[in-house]
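> Here is my input; please provide its structure:
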Amino acid sequence: LKWMACANKGYFTQISTLADVQENVMEYLHVLSRPKVIDREHDTVWTEAYIDSTVSLLQLEDGQGPVLMTTVAMPVFSTKNETRNHGILLGVVGTDVPVSELLKTIPKYKLGIHGYAFAITNNGYILTHPDLRPLYGDGNKRRKPNYSSVDLSEVEWEDKDDTLRNAMVNRKTGTFSMEVTKSVDKGKRVLILHNDYYYTDIKGTPFSLGVGLSRGHGKYFFRGNVTVEEGLHDLEHPDVALADEWTYCNTDEHPEHRYLSQIEAIKMYLSGHEPRLQCDKELIQEVLFDAVVTAPLEAYWTSLVLNKSENSDKGVEIAFLGTRTGMSRINLFVLPDELTNQDFLTAEDKEGVFNADHFPLWYKRAAEQVPGTFIYSLPFNTGSENKSVVLASTAIQLLDERESPIAAAVGIQMKLEFFQRKFWTASRQCTALDGRCSISCDEENINCYLIDNNGFILVAEDYTLTGNFFGQAEGAVMSKLLQMGSFKRVTLYDYQALCRVYSESRDSGHTLLDPYFAFLAAVKWTLTELVIFLVEFNLYSWWNSDFTAKAGPSMQVPCDTEYPAFVSERTIKENMGNIDCDGCIKSFVIQQIPSSNLFMVVVDNTCDCSNFEPITMEPIEIMFCIFALTSAAHNESLKCERIKVQKDRRRPDTCHPFHSEVFSLPAENANIHCSLTSFIFSYFQLLKIQTICVFHIISMTVGKPDGVWRGYKSHIISCSKIVLCIPGIVPQVT
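Numbering: from 1, shown residues only. Have a look, this model is predicted:
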């Protein structure tokens, strides 16, 4: 062993106690860093994103969210001439950088309503992306085991050929366009957009930056001029707020500015009392303009509060407005303690406020509606009957054109009970007035529903159906609506999903070590697939344990799922149909309510159509192809083909595999510095696997996030694309 180590200019030592293990094994860093040190190259290393280990689980559970960090470091070595050939590595120096600091350099207001910025590493892993979900969603806010290695193709999955990903990995500059389906509102709704992507590399780092702009947003904008005095006067109103996570002024540069809110910083900047304060002049000018233009709303809302006759039932609780500059105005029609949903427009409701990487959900959905129409929705984070509310919002455009820039969105929050009462009153009035409505929802042989453009029930005679998907209550009618084109199904994929698995009663021996278990599992899988392929019978549910009840504790594990979403066809305003249900005909009619995203559905309830299965939105785990024999269902998976092909990775731009002066080391030093790593290399040679050329990009171990040494990837790389796997190092090309 000593000969093999010394023959490779390595290091050899004998370890007698466990206490000596770490000290001696870490010598491999000095051995592998010799060429770099002799070359005097201060190459910087950036790690992938990781969650700050100083943030406690309690803070994560309180809703503060994960703090994603990246570490930058570089080597420190001796520059003495007499020790130059020895290649003495003294250590490393580095610092942790919050990823949010990188995002502050990107003006969110210029990206448009659906626009966002993202960054990836040279391996294609996400550094930051709005769709990255690094924590479990079970309320415990635990870190997912693979949160730092989520590939860009797993969130931008519509790019089937990885065109965008590969271009960014290879540090190219360019543009790319594709149609995307973005799930919103906890995956219950979908927005179909056409995105234009712009990407380039970030100099001095292994990262690449991308920006996604939705067509029709972010391309056109407008500016208005108002005096500073006018703007400051209207900005000081108590109902005005600015986005907490947007950077209007840089309050982090000087310690005395860190206690300032963004509005206070703007006032100080405009007054000229603090010349050191750095602010975005263009953004501030637009904020002042928005404050002046929207100021009359305060007087209008106040008049509504004073008019007791129109607001006596207190059904409408909040009126709100948001502008493209992150400014918002909020007016309460009830006392704060009397609000039905007290989390709305607060930090607890992350999808309902301006964020660092997205506009509020009510703003985004209103922007995709036909100009001049309202969008109604039932938030899914509300609970029981006395906590349910309805949101109504609409976009404000400068011109009645599709590509006109959207200046703001305005809306209200009302009690669900108030909204439903208004609907039933209007339906009864229609029947009573001149007989314009031939039927009434009060009749026992019909059921009336009010659903939105995604198929969710807002009003039903059975209150327990409120908030449910229409296909669960009326599976036959929903199936017919899909056939007729009134609604369409959109298949979505979630490659960061969590599936619940149940532990079974077995001994503690690992199943992989049991050849009989492995053989029986392979036979079971093969026969199951064969039966499905031949007969497509429900026998699968008898065999597959995923569809049977299980006892014992459960746990969530990472998995990939696909699930449906539904959206209405805008061009179809009215439709009717009949359904043959085992000896009877079920009739229905659907009609859009003007200037809204709502549809009224009237269904004949005298015909039993229970033979039709309900249509649900439950996710289904994707079972990827494992063996050569695969079913057609597996091949339909978007990821099934991808796992067969090695994705593009980009190696570091610099490498120091060898330096001739290493051989000039004194003989006594050469005999001492014989590393365990060199033994591993020689061991591979003895096995005649392949002669491996290995070089080292110095490891930047500056901390232990998650309790695990990072930096991990210690950047030991094989020139022949065989990656050396050392304990604690993720085997991948870096």
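> was I right about Met414 contacting Ala392?
Yes. Met414 is in contact with Ala392 according to C-beta atoms under 8 Å; the separation is 7.2 Å. For every residue, glycine as well, the C-beta is placed using N, CA and C.
> Pull stretch 99-106 out as CSV, backbone CA atoms only.
The C-alpha trace of stretch 99-106 is given here as CSV (Å, rounded to 0.1, in the frame of the first residue of the first chain):
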residue,chain,number,x,y,z
VAL,A,99,-29.8,34.1,-2.8
SER,A,100,-32.3,36.8,-2.1
GLU,A,101,-29.5,39.3,-2.4
LEU,A,102,-28.9,38.2,-5.9
LEU,A,103,-32.6,38.7,-6.8
LYS,A,104,-32.5,42.3,-5.4
THR,A,105,-30.5,43.3,-8.5
ILE,A,106,-33.4,42.4,-10.7
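> which of the residues in it are buried?
The neighbour-count check on stretch 99-106 (16 or more other C-beta atoms under 10 Å) flags Val99, Leu102, Leu103, Ile106 as buried.
> Report the mean per-residue pLDDT for that stretch.
Per-region confidence: stretch 99-106 scores 83 on mean pLDDT.
> now swap in stretch 16-29 and tell me
79.
> what domains does the record give for the protein?
The chain breaks down into these domains under automatic domain parsing: 2-97+652-718, 228-293, 296-429, 445-634.
> any chance of the ones you listed in JSON lines, plus distance to Lys186?
Formatted as JSON lines, the domains of the chain follow (distance: least, C-beta to C-beta, whole Å):
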{"stretch": "domain 2-97+652-718", "distance to Lys186": "15"}
{"stretch": "domain 228-293", "distance to Lys186": "20"}
{"stretch": "domain 296-429", "distance to Lys186": "6"}
{"stretch": "domain 445-634", "distance to Lys186": "11"}
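> Format the ones you listed as JSON lines; extra columns: distance to Ser177 and mean neighbour count.
Shown next, in JSON lines, are those (distance: least, C-beta to C-beta, whole Å; neighbours: other C-beta atoms under 10 Å):
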{"stretch": "domain 2-97+652-718", "distance to Ser177": "27", "mean neighbour count": "16"}
{"stretch": "domain 228-293", "distance to Ser177": "27", "mean neighbour count": "17"}
{"stretch": "domain 296-429", "distance to Ser177": "16", "mean neighbour count": "17"}
{"stretch": "domain 445-634", "distance to Ser177": "19", "mean neighbour count": "15"}
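> Compare the ones you listed and report which one is nearest to Asn146.
Closest to Asn146 of these is domain 445-634 (C-beta to C-beta; 5.9 Å).
> How far away from the center of its chain is the closest one?
Computed by C-alpha atoms, centre = their mean, to the nearest Å, the chain-centroid distance of domain 445-634 equals 23 Å.
> now, which of the buried residues of stretch 99-106 sits nearest Thr173?
Set against Thr173, the nearest of the buried residues of stretch 99-106 by C-beta to C-beta is Ile106 (16.4 Å).
> State the pLDDT value of Cys430.
Looking at Cys430, its pLDDT is 77.
> Could you measure from it over to Leu304?
According to C-beta to C-beta, to the nearest Å, Cys430 and Leu304 sit 27 Å apart.
> before we move on, what about Tyr449?
In this view, Tyr449 and Leu304 are 31 Å apart by C-beta to C-beta.
> Equivalent analysis for Asp608, please.
Where Leu304 is concerned, Asp608 sits at a distance of 48 Å (C-beta to C-beta).
> any low-confidence regions in the stretch 551-700 of the chain?
For the stretch 551-700 of the chain, residues meeting the criterion pLDDT under 70 lie at 551-553, 624-645, 662-700.
> hey, where'd the strands end up in it?
For the stretch 551-700 of the chain, the strands defined by DSSP state E, counting those that start in this stretch cover 554-568, 574-580, 585-592, 599-604, 620-621, 694-696.
> Quick one: residues contacting Val390.
Contacts for Val390 (C-beta atoms under 8 Å, 6 or more residues apart in numbering) come out as Tyr376, Ser377, Leu378, Gln413, Met414, Lys415, Leu416, Phe419, Leu458.
> And the pLDDT for the second one?
Among the per-residue scores, Ser377 shows a pLDDT of 91.
> For it, give its distance to Trp362.
Using C-beta to C-beta, we find Ser377 at a distance of 7 Å from Trp362.
> Equivalent analysis for the last one, please.
In this structure, Leu458 and Trp362 are 15 Å apart, going by C-beta to C-beta.
> rewinding a little: with respect to Ala347, which of the buried residues of stretch 99-106 is nearest?
Nearest to Ala347, judged by C-beta to C-beta, of the buried residues of stretch 99-106 is Leu103 at 17.7 Å.
> Which residue is the nearest non-sequential neighbour of the closest one?
Nearest residue to Leu103 in three dimensions, chain neighbours excluded: Ala356, at 5.7 Å (C-beta to C-beta, 6 or more residues apart in numbering).
> A strand includes that neighbour, no?
No. Using DSSP: H, G, I helix; E, B strand; the rest coil, the assignment for Ala356 is coil, not a strand.
> Quick check, pLDDT for it.
On pLDDT, Ala356 comes in at 83.
> of all the contacts of Val390, which comes closest to His194?
Set against His194, the nearest of these by C-beta to C-beta is Ser377 (23.1 Å).
> which residues touch that closest one?
Residues counted as contacts of Ser377 (C-beta under 8 Å, 6+ apart) are Asp185, Trp362, Arg365, Val390, Leu391, Asp452, Phe456.
> Alpha carbons only: can I get the helix or strand the second one falls within in PDB?
When elements are assigned from DSSP states H and E, Trp362 belongs to helix 361-367. Backbone C-alpha positions of helix 361-367 (Å, rounded to 0.1, in the frame of the first residue of the first chain) are rendered in PDB as follows:
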ATOM      1  CA  LEU A 361     -52.700  35.700  -7.200                       C
ATOM      2  CA  TRP A 362     -55.800  37.900  -7.600                       C
ATOM      3  CA  TYR A 363     -53.700  40.300  -9.700                       C
ATOM      4  CA  LYS A 364     -52.300  37.600 -12.000                       C
ATOM      5  CA  ARG A 365     -55.700  35.900 -12.600                       C
ATOM      6  CA  ALA A 366     -57.400  39.200 -13.200                       C
ATOM      7  CA  ALA A 367     -54.700  40.100 -15.800                       C
END
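> Tell me how far it lies from the chain's centre.
Offset of helix 361-367 from its chain centre (C-alpha atoms, centre = their mean): 18 Å.
> Fine by me, we can end here.
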